[in-house]
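[1] Next input, structure requested:
(2 chains)
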Amino acid sequence: EVRLVESGGGLVQPGGSLRLSCAASGFTFSDYFMHWVRQVPGKGLVWVARLSNNGRSSAYAASVKGRFTISRDTAKNTLYLQMNSLRVDDSAVYFCTRDRRWEPNSSDYWGRGTLVTVSS
Amino acid sequence: QSVLTQPPAESGTPGQSVTISCSGSSFNIGSHAVNWYQQLSGTAPRLLIYANDQRPSGVPDRFSASKSGTSASLAISGLQSEDEADYYCAVWDDSLIGVVFGGGTKLTVL
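    Predicted coordinates for the structure are as follows:
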């Protein structure tokens, strides 16, 4: 069974840093592109970042480029999102997603999300 | 304001058919496959349609989708109460070099 479990969310002050983790299981992690998507409660989905299966190619939303870094540890089957210089408008639920194999940018599995709150 | 335009809300009665539109541009829908997601209240989104018109296993055939030019649409036939949810279109955008989501459509089953 495919499982994605996010962790690392919490309350952080503006300008602070946080690292989110996504523990993956039930599939060959190194075969799949992975994404982070965020959602302010009650609002729409917003794509954040994507990482290739081998970790060599990444893409970011303009709003987070230069502040966030997506990475993966294949040995630990874990996806990360390092978030620096956090702003109030980064507050959201962050979902980890897996791309459907051979169908780029179609997320067929989603975690339950982890809540990030940026506030003083 | 999202790059992909969806109606904020649609509604229908049980048994009816509903269509949700998603309008984009040559940078996104016009060049790449469209995916659709369903998000029930309080849950994570679920992939409903991939590659413009393909249903993952487990998705009822009441759900169908199509794409033409720079627009796409999701059709739900035989509407059921459990279809009440938010629906999002999504696609890669060559200009933004990233995935873009539509603003979402809240479907109400009356």
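[2] Please make it C-alpha for all contacts and neighbour counts, starting now.
    Noted.
[3] Sheet partners, orientation included, of the lengthiest strand in chain B?
    For chain B, the strand with the greatest residue count under DSSP state E is strand B:85-93. Strand B:85-93 pairs in its sheet with strand B:35-39 (antiparallel), strand B:98-101 (antiparallel), strand B:105-109 (antiparallel), by DSSP bridges.
[4] B:Val99: neighbouring residues, count only.
    23 (other CA atoms under 10 Å in any protein chain shown).
[5] Surely A:Thr114 and A:Tyr94 touch.
    Yes: A:Thr114 is in contact with A:Tyr94 according to CA atoms under 8 Å; the separation is 5.3 Å.
[6] more neighbours, those two?
    Neighbour count, other CA under 10 Å: between A:Thr114 and A:Tyr94, A:Tyr94 has more, with 27 against 21.
[7] Quick check: nearest residue in space to that one, chain neighbours excluded?
    Spatial nearest neighbour of A:Tyr94, excluding adjacent residues (CA to CA, 6 or more residues apart in numbering or on different chains): A:Arg38 at 4.3 Å.
[8] just A:Tyr60 next, same as before
    Nearest one to A:Tyr60, counting by CA to CA, 6+ apart, is A:Ala49 at 4.3 Å.
[9] ditto for B:Ala33
    Per CA to CA, 6+ apart, closest to B:Ala33 is B:Ala51, 4.8 Å.
[10] Just the pLDDT for the one you found.
    Note on B:Ala51: pLDDT of 96.
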